[in-house]
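**Student:** A structural model of the following input is requested.
(one chain, ligands or ions: 1)
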Amino acid sequence: MSWQDWLMLATIAALSLLGLAYYTIKKLYRHFEDRNIPYIKPKFLLGSDPDGVLFRLHVCDSWDNIYKKLEGKPIGGFFQTVLPFLMVRDPEYIHQVLISSFDHFFDRNFLIDEEVNPLDAHLFLLRGNKWRYLRNKLSPIFSSGKLRWMFDEMDHCGDIFLECIDKLADGKDRDILDELARYATDVIESCAFGLEGDSIKNPNSKMRQVGRDLFDTSKFNLSQFFFLLRFSIPRLLIWLKVPSVPSHAKNFFCTTMSDVLEYRRKTGFQRKDFVQLLLQLKDKEIVEINSNYDVGDEKGKHEETVTEKIEITDLLLVAQSFVFFVAGFETTSRTLHFLIHQLAEHQEFQKRARKEVLDIKAKHGRFSYDALKDMKFLNKCIAETLRMYPPVAMLNRECTKDFTFQDGTLIKKGEQIVIPIYSIHRDPRYFPDPLKYNPDRFEVDPQNGTYLPFGDGPRICIGKRFAIVEIKIIMARLLERYWFELSPLNGEKIEIDPWSLIVSSKKGLWVKIHKLTDLK
Ligand code: HEM
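**Tutor:** Numbering: from 1, shown residues only. Predicted coordinates:
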């Protein structure tokens, strides 16, 4: 054949492939139409809201556009690139997905390859029985008894943190996100890794550096970028064997945790922390779990009992510590960051919170674990901050067993569900005047399914109580010592950083810190 013939053949092949791809994508885009489910029409390849896919908007703002376009519908479809997602908008439906019909929706819709990314085998990403088993075993870590012990660790980190803030309390414009992240890093390092952290004192500690590498978006962050792509092109990432954590971070966590495990095993040293619980897990190397599954097709389904084996390796244990680090420090420090900013902006609430904190300290003699429970107004300030700026902006689930909602919408096994927390928290039907910071709205409990900063149901955030204690103790101590004033460096409006996984302000949050003793 001449080169012209080859060229012709190659052109025909390329055009056929393009045509096939075009046809396949068009077919994918009929996913909801064919089933009569309301949906937001996609732009070719870019999905229903290209601003989110192209990182012009944070996913919370992008999905908020979709939430608004689906006004009046309890559930509706949209496309993220070419992938179909179902957005559950109605609180009653949300309650069903998260709680009452949990058996149909118990997995999150992430794909993992444990061979390539062993640190992905953790509570947040695991599926099915492996998740159930680990969740069951790890839940006692946040019992009241253990939290009391951890409280002392947090308080100790708080002492060092206040020394650090003292140096910044000079009335100048400050963004203290990094200091807050270092406090939260030391707390997690102590409670989850059993080590004394030094991040507050040393901004360049190894643990803090790794934290920055995973979350910092001041420069392009590959880890965050790939995590966000898990929503749009999950299969491609798996196929390309893309690492979910940079190798230096992976090696650091594996070495640090392996050393801790080995030390405890050798010396028999015990502490009421997470490592202790992990070591108990390893008492059995292989765990067998029996589960009942529906098998068969539409014509005849029956239940079968299947035995699954789970191997408890040291790497599996490391992955659990790792998730406590990634899920724990950035969420908590971002909440504190917004909370301080909101209290600086709303002086009347700051004064009320301070008065409460001082009164309670006078009553209890110190900021004890029990004293924190009495701080009802501070609780409301935290709840309102989490309403307006939930660090995790959406929940996701995969349908694990066909399910039909009361309006007749059938969700098929394997379909992807999202619950847009950020949008629901800002919906005036559930929270009147939603853009106004008003802790008093929590005088009454929110309607079921409308307030979800920690999710809900059996997959609710395992660290919820830990996070609240951690935030409360440090905020109480900050209010006792300092007055926070809003800095003029903040823009008119808080813009959410499109590149950040956790909801965070694009231009930072600025305050002036004054020592109360200087003002007397
Ligand atoms: C303000 C702080 C925090 C917020 C707002 C937060 C929020 C969330 C949310 C929304 C989920 C998903 C829940 C669902 O799908 O229903 C989650 C899951 C999780 N969080 Fe948190 N979290 C926080 C702090 C923490 C801390 C301190 C830890 C650990 C020490 C932690 C560990 C986890 C883990 C392991 C999961 C996965 C649970 C599972 O699937 O079984 N989180 N968190």
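**Student:** all helices of the stretch 151-300 of the chain, in order?
**Tutor:** Taking DSSP state H, counting those that start in this stretch, the helices of the stretch 151-300 of the chain run over residues 177-193, 206-215, 222-232, 234-239, 247-267, 274-281.
**Student:** so which of these comes closest to the ligand?
**Tutor:** Nearest to the ligand among these is helix 177-193; the distance by C-beta to the nearest ligand atom comes to 6.4 Å. C-beta here means a position set from N, CA and C on the backbone, and glycine is covered the same way.
**Student:** phi, psi of residue 513?
**Tutor:** phi -110, psi 130 (degrees, to the nearest 10).
**Student:** same check on the one 3 residues further on?
**Tutor:** Comment: the main-chain dihedrals of residue 516 come out as phi -60, psi -30, following degrees, to the nearest 10.
**Student:** ditto for residue 308
**Tutor:** Dihedral pair for residue 308: phi -110, psi 150, per degrees, to the nearest 10.
**Student:** which one of the helices of the stretch 151-300 of the chain lies closest to residue 354?
**Tutor:** Distance to residue 354, taken as C-beta to C-beta, is lowest for helix 177-193 among the helices of the stretch 151-300 of the chain, at 18.8 Å.
**Student:** and the helices in the stretch 351-500 of the chain?
**Tutor:** Using DSSP H, counting those that start in this stretch, helices in the stretch 351-500 of the chain cover 369-373, 376-388, 421-425, 464-481.
**Student:** how close does the residue nearest to residue 68 when sequence neighbours are not counted sit to residue 452?
**Tutor:** Closest residue to residue 68 apart from its sequence neighbours, by C-beta to C-beta, 6 or more residues apart in numbering: residue 423 at 7.6 Å. According to C-beta to C-beta, to the nearest Å, residue 423 stands 11 Å off from residue 452.
**Student:** lowest-confidence helix or strand of this structure?
**Tutor:** Least confident helix or strand of the chain, by mean pLDDT, DSSP states H and E, is strand 286-296 with a mean of 69.
**Student:** got a pLDDT number for the residue nearest the centre of the chain?
**Tutor:** The residue lying closest to the centre of the chain (C-alpha atoms, centre = their mean) is residue 392, at 4.2 Å. Per-residue confidence at residue 392 stands at 96 (pLDDT).
**Student:** my guess is it meets residue 467, correct?
**Tutor:** No. Between residue 392 and residue 467 there is no contact under C-beta atoms under 8 Å: 11.3 Å.
**Student:** overlap in contacts of these two?
**Tutor:** Residues touching both residue 392 and residue 467 (C-beta atoms under 8 Å, 6 or more residues apart in numbering) are residue 331.
**Student:** contacting residues around residue 256?
**Tutor:** Applying C-beta under 8 Å, 6+ apart to residue 256 gives the contacts 193, 195.
**Student:** columns distance to the ligand and mean pLDDT on top of the helices of the stretch 351-500 of the chain, output as CSV?
**Tutor:** CSV is the format used below for those (distance: least, C-beta to the nearest ligand atom, whole Å; pLDDT from 0 to 100):
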stretch, distance to the ligand, mean pLDDT
helix 369-373, 15, 94
helix 376-388, 6, 98
helix 421-425, 7, 98
helix 464-481, 4, 96
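**Student:** which regions of the chain sit below the pLDDT cut-off?
**Tutor:** Applying pLDDT under 70 to the chain flags residues 218-219, 224, 232, 283-284, 291-303, 520.
**Student:** before we move on, back to that, the residue nearest to the centre of the chain and residue 85, how far apart?
**Tutor:** Taking C-beta to C-beta as the measure, residue 392 falls 16 Å from residue 85.
**Student:** just the terminal-to-terminal distance for stretch 432-450.
**Tutor:** End-to-end distance for stretch 432-450: 12 Å, by C-alpha to C-alpha, to the nearest Å.
**Student:** what does that stretch contact?
**Tutor:** Taking C-beta under 8 Å, 6+ apart as the rule, stretch 432-450 contacts 90-95, 98, 342, 345-346, 349, 377, 379-381, 383-385, 388, 424-428, 430-431, 456.
**Student:** any part of that stretch near the ligand?
**Tutor:** No. Judged by C-beta under 6 Å from any ligand atom, stretch 432-450 stays clear of the ligand, getting no closer than 11.8 Å.
**Student:** for residue 95, give its distance to residue 464.
**Tutor:** For residue 95 relative to residue 464 (C-beta to C-beta), the value is 18 Å.
**Student:** the more surrounded of those two?
**Tutor:** Neighbours were counted for residue 95 and for residue 464 using other C-beta atoms under 10 Å; residue 95 has more, 18 against 13.
**Student:** so that one is in which element?
**Tutor:** Assigned by DSSP states H and E, residue 95 belongs to helix 91-95.
**Student:** after that helix comes which helix or strand?
**Tutor:** Later in the chain than helix 91-95, the nearest helix or strand by DSSP H and E is helix 128-138.
**Student:** need phi/psi at the nearest residue to residue 427 once chain neighbours are set aside.
**Tutor:** Using C-beta to C-beta, 6+ apart and skipping residues adjacent in sequence, the residue nearest residue 427 is residue 434, 6.7 Å away. Per-residue torsions, residue 434: phi -70, psi -20 (degrees, to the nearest 10).
**Student:** biggest helix in the protein by residues?
**Tutor:** In the chain, assigned by DSSP state H, the helix with the most residues is helix 314-345.
**Student:** for the ligand, what are the nearby residues on this structure?
**Tutor:** So the chain meets the ligand at 123-124, 135, 323-324, 327-328, 331-332, 335, 391-392, 395, 453-456, 459-463, 466-467 (C-beta under 6 Å from any ligand atom).
**Student:** can you flag the buried ones in those?
**Tutor:** Among the residues of the chain next to the ligand, those that count as buried by neighbour count (16 or more other C-beta atoms under 10 Å) are 123-124, 323-324, 327-328, 331-332, 335, 391-392, 395, 453-456, 459, 461-463, 466-467.
**Student:** before we move on, the earlier item: may I have the phi/psi pair for the residue nearest to the centre of the chain?
**Tutor:** Dihedral angles of residue 392 (phi, psi; degrees, to the nearest 10) stand at phi -100, psi 110.
**Student:** could you report the distance from it to residue 189?
**Tutor:** 22 Å.
**Student:** can you check residue 32 too?
**Tutor:** From residue 32 across to residue 189, the span is 46 Å (C-beta to C-beta).
**Student:** looking at these two, which one has more neighbours?
**Tutor:** Comparing residue 32 with residue 189 by other C-beta under 10 Å, the one with more neighbours is residue 189, at 25 against 19.
**Student:** which residues touch that one?
**Tutor:** 195-197, 199, 207, 325.
**Student:** now residue 231
**Tutor:** Residue 231 sits next to 59, 80, 83 when contact means C-beta under 8 Å, 6+ apart.
**Student:** tell me the one of the residues you listed nearest residue 220?
**Tutor:** Of all the contacts of residue 231, residue 59 has the smallest distance to residue 220: 17.3 Å, by C-beta to C-beta.
**Student:** not counting its neighbours along the chain, what's nearest the closest one?
**Tutor:** Using C-beta to C-beta, 6+ apart and skipping residues adjacent in sequence, the residue nearest residue 59 is residue 52, 5.4 Å away.
**Student:** thinking again about what came up before, can I get the contacts of residue 189 in TSV including distance to residue 105 and neighbour count?
**Tutor:** Output for those, formatted as TSV (distance: C-beta to C-beta, whole Å; neighbours: other C-beta atoms under 10 Å):
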residue	distance to residue 105	neighbour count
195	37	18
196	41	11
197	37	24
199	37	27
207	35	23
325	27	22
